[in-house]
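> Pasting a predicted model and its sequence here:
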Amino acid sequence: MFKPKFRLVLSGLLSLSLLALAGCGNASAPTPTPAPAEKILKVGSDIAYAPFEFMDEKQQATGFDIELINALGADMGYSKVNIETCSFDGLIAALQAGKYDAIISAMTITDERAKTIQFSDKYFKSTQYIAMKKGANFKSLADLKGKKIGVQLNTTGQFAVEKLGMATKKYDTTPDALNDLLNGGVDAVVADAPVVLWFQAQNASAQIESVDANSGAEFYGIGMKLDDKELGAKMNASLKKLIDTGKYNEIYKKWFKVDAPKF
(Lines give C-alpha, C1' and ligand atoms only; values in the text may rest on other atoms or scores of the structure.)
Protein backbone atom coordinates (compact mmCIF):
# COMPACT_ATOMS: atom_id res chain seq x y z
CA MET A 1 0.00 0.00 0.00
CA PHE A 2 2.88 2.36 0.60
CA LYS A 3 4.74 1.73 -2.70
CA PRO A 4 2.75 4.19 -4.89
CA LYS A 5 3.36 7.05 -2.46
CA PHE A 6 7.04 6.11 -2.22
CA ARG A 7 7.32 6.14 -5.99
CA LEU A 8 5.76 9.60 -6.17
CA VAL A 9 8.11 10.99 -3.57
CA LEU A 10 11.14 9.42 -5.29
CA SER A 11 10.02 10.76 -8.65
CA GLY A 12 9.70 14.25 -7.20
CA LEU A 13 13.15 14.12 -5.67
CA LEU A 14 14.68 12.97 -8.96
CA SER A 15 12.95 15.80 -10.82
CA LEU A 16 14.32 18.36 -8.38
CA SER A 17 17.82 16.86 -8.71
CA LEU A 18 17.68 17.01 -12.51
CA LEU A 19 16.55 20.65 -12.36
CA ALA A 20 19.40 21.47 -10.01
CA LEU A 21 21.89 19.73 -12.30
CA ALA A 22 20.46 21.52 -15.32
CA GLY A 23 20.90 24.79 -13.49
CA CYS A 24 24.59 24.00 -12.85
CA GLY A 25 25.12 23.13 -16.50
CA ASN A 26 23.66 26.44 -17.67
CA ALA A 27 25.81 28.57 -15.36
CA SER A 28 28.45 30.31 -17.52
CA ALA A 29 32.06 29.67 -16.48
CA PRO A 30 34.11 32.80 -15.66
CA THR A 31 36.05 34.07 -18.67
CA PRO A 32 39.79 33.68 -18.04
CA THR A 33 41.77 36.90 -18.11
CA PRO A 34 43.97 36.89 -21.23
CA ALA A 35 47.70 36.98 -20.59
CA PRO A 36 49.22 40.36 -21.40
CA ALA A 37 50.91 40.50 -24.79
CA GLU A 38 54.68 40.13 -24.65
CA LYS A 39 56.41 43.46 -25.17
CA ILE A 40 59.32 42.81 -27.51
CA LEU A 41 62.03 45.22 -28.69
CA LYS A 42 63.16 44.16 -32.18
CA VAL A 43 66.82 44.99 -32.72
CA GLY A 44 69.10 44.58 -35.74
CA SER A 45 72.87 44.18 -35.50
CA ASP A 46 75.75 42.95 -37.64
CA ILE A 47 76.87 40.23 -35.23
CA ALA A 48 80.42 39.91 -36.54
CA TYR A 49 82.18 42.81 -34.88
CA ALA A 50 83.89 41.72 -31.66
CA PRO A 51 84.02 42.95 -28.97
CA PHE A 52 80.77 44.80 -29.67
CA GLU A 53 78.69 41.98 -31.12
CA PHE A 54 79.72 38.43 -32.01
CA MET A 55 78.67 34.81 -31.54
CA ASP A 56 80.11 32.93 -28.58
CA GLU A 57 81.04 29.23 -28.56
CA LYS A 58 77.35 28.34 -28.08
CA GLN A 59 76.39 30.49 -31.08
CA GLN A 60 74.66 33.02 -28.82
CA ALA A 61 75.01 36.73 -29.51
CA THR A 62 77.28 38.45 -27.00
CA GLY A 63 79.47 41.53 -26.68
CA PHE A 64 79.35 45.06 -25.33
CA ASP A 65 76.52 46.28 -27.58
CA ILE A 66 74.48 43.13 -26.93
CA GLU A 67 74.69 43.51 -23.15
CA LEU A 68 73.97 47.23 -23.38
CA ILE A 69 70.84 46.91 -25.53
CA ASN A 70 69.52 44.10 -23.31
CA ALA A 71 70.00 46.30 -20.23
CA LEU A 72 68.32 49.23 -21.97
CA GLY A 73 65.40 47.08 -23.09
CA ALA A 74 64.85 45.77 -19.57
CA ASP A 75 64.96 49.28 -18.12
CA MET A 76 62.40 50.48 -20.69
CA GLY A 77 60.01 47.73 -19.64
CA TYR A 78 60.39 45.28 -22.51
CA SER A 79 59.87 41.64 -21.57
CA LYS A 80 62.27 40.53 -24.31
CA VAL A 81 64.89 42.00 -26.62
CA ASN A 82 64.94 40.08 -29.89
CA ILE A 83 68.28 40.61 -31.68
CA GLU A 84 68.65 39.57 -35.32
CA THR A 85 71.81 39.64 -37.39
CA CYS A 86 71.93 41.72 -40.56
CA SER A 87 74.77 42.94 -42.74
CA PHE A 88 76.01 46.34 -41.58
CA ASP A 89 75.37 47.77 -45.03
CA GLY A 90 71.70 46.75 -44.84
CA LEU A 91 70.86 47.79 -41.25
CA ILE A 92 69.54 51.28 -41.99
CA ALA A 93 67.33 50.10 -44.86
CA ALA A 94 65.91 47.29 -42.70
CA LEU A 95 65.18 49.76 -39.89
CA GLN A 96 63.42 52.13 -42.28
CA ALA A 97 61.36 49.24 -43.68
CA GLY A 98 60.06 48.49 -40.17
CA LYS A 99 61.89 45.20 -39.66
CA TYR A 100 63.50 46.55 -36.48
CA ASP A 101 62.60 49.05 -33.78
CA ALA A 102 66.27 49.88 -33.25
CA ILE A 103 69.72 49.01 -34.56
CA ILE A 104 72.95 48.79 -32.57
CA SER A 105 76.19 47.80 -34.25
CA ALA A 106 79.06 50.08 -33.24
CA MET A 107 77.55 52.59 -35.64
CA THR A 108 79.20 55.99 -35.73
CA ILE A 109 76.90 59.00 -35.59
CA THR A 110 77.42 60.95 -38.82
CA ASP A 111 75.57 63.88 -40.38
CA GLU A 112 74.80 61.78 -43.44
CA ARG A 113 73.28 58.89 -41.48
CA ALA A 114 71.35 61.32 -39.26
CA LYS A 115 69.44 62.50 -42.34
CA THR A 116 67.72 59.13 -42.60
CA ILE A 117 67.58 57.75 -39.03
CA GLN A 118 67.30 59.06 -35.49
CA PHE A 119 70.31 58.45 -33.24
CA SER A 120 70.26 58.06 -29.50
CA ASP A 121 72.64 60.10 -27.41
CA LYS A 122 76.23 58.94 -27.91
CA TYR A 123 77.18 55.85 -25.92
CA PHE A 124 80.76 55.07 -27.00
CA LYS A 125 83.85 57.03 -28.05
CA SER A 126 86.18 55.55 -30.65
CA THR A 127 88.71 56.41 -33.35
CA GLN A 128 90.16 54.79 -36.46
CA TYR A 129 93.28 52.62 -36.31
CA ILE A 130 95.59 51.39 -39.04
CA ALA A 131 96.37 47.68 -38.74
CA MET A 132 99.43 46.30 -40.53
CA LYS A 133 101.96 43.50 -40.39
CA LYS A 134 104.96 44.18 -38.19
CA GLY A 135 107.66 45.97 -40.11
CA ALA A 136 105.30 47.88 -42.43
CA ASN A 137 105.96 50.98 -40.34
CA PHE A 138 102.93 53.01 -41.45
CA LYS A 139 102.53 56.10 -39.25
CA SER A 140 99.49 57.82 -40.76
CA LEU A 141 96.80 57.52 -43.42
CA ALA A 142 99.03 59.49 -45.79
CA ASP A 143 101.57 56.62 -45.67
CA LEU A 144 98.98 54.32 -47.24
CA LYS A 145 99.03 56.11 -50.59
CA GLY A 146 99.55 53.54 -53.35
CA LYS A 147 98.96 50.63 -50.95
CA LYS A 148 96.19 48.05 -50.89
CA ILE A 149 93.87 49.18 -48.10
CA GLY A 150 91.15 46.97 -46.64
CA VAL A 151 87.99 48.45 -45.09
CA GLN A 152 84.52 47.29 -44.13
CA LEU A 153 81.87 48.47 -46.57
CA ASN A 154 80.07 51.70 -45.63
CA THR A 155 82.05 52.33 -42.46
CA THR A 156 83.86 55.43 -41.31
CA GLY A 157 87.13 53.62 -41.98
CA GLN A 158 86.20 53.52 -45.67
CA PHE A 159 85.10 57.16 -45.61
CA ALA A 160 88.33 58.34 -43.91
CA VAL A 161 90.53 56.66 -46.53
CA GLU A 162 88.49 57.64 -49.57
CA LYS A 163 88.25 61.22 -48.35
CA LEU A 164 92.00 61.40 -49.05
CA GLY A 165 91.47 60.15 -52.61
CA MET A 166 92.81 56.64 -52.01
CA ALA A 167 91.16 53.47 -53.30
CA THR A 168 89.92 50.79 -50.92
CA LYS A 169 89.24 47.07 -51.03
CA LYS A 170 85.84 46.58 -49.39
CA TYR A 171 84.76 43.66 -47.22
CA ASP A 172 81.46 42.66 -45.65
CA THR A 173 83.04 42.60 -42.17
CA THR A 174 86.16 44.01 -40.53
CA PRO A 175 87.36 40.53 -39.46
CA ASP A 176 87.24 39.54 -43.15
CA ALA A 177 89.52 42.48 -43.97
CA LEU A 178 91.87 41.69 -41.08
CA ASN A 179 92.10 38.03 -42.04
CA ASP A 180 92.99 39.07 -45.58
CA LEU A 181 95.72 41.24 -44.09
CA LEU A 182 97.11 38.10 -42.44
CA ASN A 183 96.98 36.33 -45.80
CA GLY A 184 98.74 39.16 -47.64
CA GLY A 185 95.67 40.27 -49.60
CA VAL A 186 96.02 43.87 -48.39
CA ASP A 187 98.84 45.96 -46.96
CA ALA A 188 96.76 47.62 -44.23
CA VAL A 189 93.27 47.75 -42.75
CA VAL A 190 91.60 50.90 -41.46
CA ALA A 191 88.90 50.19 -38.88
CA ASP A 192 87.55 51.14 -35.45
CA ALA A 193 90.24 50.98 -32.77
CA PRO A 194 88.49 48.57 -30.35
CA VAL A 195 87.87 46.04 -33.13
CA VAL A 196 91.47 46.18 -34.35
CA LEU A 197 92.84 45.86 -30.81
CA TRP A 198 90.50 42.94 -30.04
CA PHE A 199 91.66 41.15 -33.21
CA GLN A 200 95.30 41.68 -32.25
CA ALA A 201 94.67 40.26 -28.79
CA GLN A 202 92.93 37.20 -30.22
CA ASN A 203 95.74 36.66 -32.75
CA ALA A 204 98.78 37.46 -30.63
CA SER A 205 101.14 35.31 -32.71
CA ALA A 206 100.08 36.86 -36.04
CA GLN A 207 102.67 39.66 -36.01
CA ILE A 208 100.06 42.41 -36.40
CA GLU A 209 100.56 45.93 -35.06
CA SER A 210 98.47 49.08 -35.24
CA VAL A 211 98.61 52.87 -34.86
CA ASP A 212 96.07 55.62 -34.41
CA ALA A 213 95.00 56.96 -37.81
CA ASN A 214 94.49 60.42 -36.25
CA SER A 215 91.24 60.89 -38.15
CA GLY A 216 89.41 62.35 -35.14
CA ALA A 217 87.12 61.08 -32.42
CA GLU A 218 83.93 59.22 -33.33
CA PHE A 219 80.86 58.47 -31.25
CA TYR A 220 78.48 55.53 -31.56
CA GLY A 221 74.72 55.82 -31.32
CA ILE A 222 71.70 53.52 -31.35
CA GLY A 223 69.63 53.99 -34.51
CA MET A 224 65.84 54.33 -34.57
CA LYS A 225 63.27 55.49 -37.11
CA LEU A 226 63.17 59.24 -37.59
CA ASP A 227 59.53 59.57 -36.56
CA ASP A 228 59.71 57.30 -33.49
CA LYS A 229 60.29 60.13 -31.03
CA GLU A 230 58.70 58.21 -28.16
CA LEU A 231 61.22 55.37 -28.39
CA GLY A 232 64.04 57.87 -28.84
CA ALA A 233 63.11 59.68 -25.63
CA LYS A 234 62.80 56.42 -23.68
CA MET A 235 66.12 55.14 -25.02
CA ASN A 236 67.96 58.29 -23.99
CA ALA A 237 66.33 58.31 -20.55
CA SER A 238 67.35 54.69 -19.94
CA LEU A 239 70.86 55.28 -21.27
CA LYS A 240 71.30 58.20 -18.88
CA LYS A 241 69.96 56.07 -16.02
CA LEU A 242 72.41 53.24 -16.78
CA ILE A 243 75.29 55.73 -16.85
CA ASP A 244 74.19 57.46 -13.63
CA THR A 245 73.70 54.20 -11.70
CA GLY A 246 77.03 52.71 -12.80
CA LYS A 247 75.48 49.87 -14.81
CA TYR A 248 76.96 51.23 -18.04
CA ASN A 249 80.44 51.36 -16.50
CA GLU A 250 80.02 47.80 -15.24
CA ILE A 251 79.32 46.56 -18.78
CA TYR A 252 82.09 48.73 -20.25
CA LYS A 253 84.70 47.50 -17.79
CA LYS A 254 83.77 43.87 -18.42
CA TRP A 255 84.62 44.19 -22.12
CA PHE A 256 87.40 46.80 -22.15
CA LYS A 257 89.04 46.22 -18.73
CA VAL A 258 89.06 49.93 -17.88
CA ASP A 259 86.51 52.42 -16.62
CA ALA A 260 84.37 54.14 -19.24
CA PRO A 261 85.67 57.58 -20.27
CA LYS A 262 83.64 60.70 -19.71
CA PHE A 263 82.27 62.33 -22.86
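Cool, the structure landed.
> Please count neighbours and contacts with C-alpha atoms only from this point.
OK.
> Point to the residue nearest the middle of this protein.
I104 (4.0 Å; Cα atoms, centre = their mean).
> you'd agree it is up against S45?
Yes. Using Cα atoms under 8 Å, I104 is in contact with S45, at 5.5 Å.
> for the stretch 1-150 of the chain, which spans come out with low pLDDT?
Residues of the stretch 1-150 of the chain meeting the criterion pLDDT under 70: 1-36.
> how about the helices in it?
All helices of the stretch 1-150 of the chain, identified by DSSP state H, counting those that start in this stretch, fall at 3-26, 64-75, 91-96.
> picking up where we left off before, now do the residue nearest to the residue nearest to the centre of the chain when sequence neighbours are not counted against K240, distance only.
What sits nearest to I104 in space, not counting adjacent residues and going by Cα to Cα, 6 or more residues apart in numbering, is I222, at 5.0 Å. Taking Cα to Cα, to the nearest Å as the measure, I222 falls 13 Å from K240.
> In contact with the residue nearest to the centre of the chain: list those residues for me.
I104 sits next to 43-45, 65, 69, 221-223 when contact means Cα atoms under 8 Å, 6 or more residues apart in numbering.
> let's see 10 Å
43-47, 52-53, 65-66, 68-69, 83, 88, 91, 220-224 (Cα atoms under 10 Å, 6 or more residues apart in numbering).
> now G63
47, 49-56, 251, 254-255.
> Select from these the one having the most neighbours.
I47 (26 neighbours; other Cα atoms under 10 Å).
> Go ahead and confirm that residue touches F88.
Yes. Counting by Cα atoms under 10 Å, I47 does reach F88; the two are 8.9 Å apart.
> related to what we said a few turns ago, in strands, which of the contacts of I104 appear?
When DSSP state E defines the strands, the subset of the contacts of I104 inside them is 43-45, 83, 220, 223-224.
> Nothing else from me, thank you.
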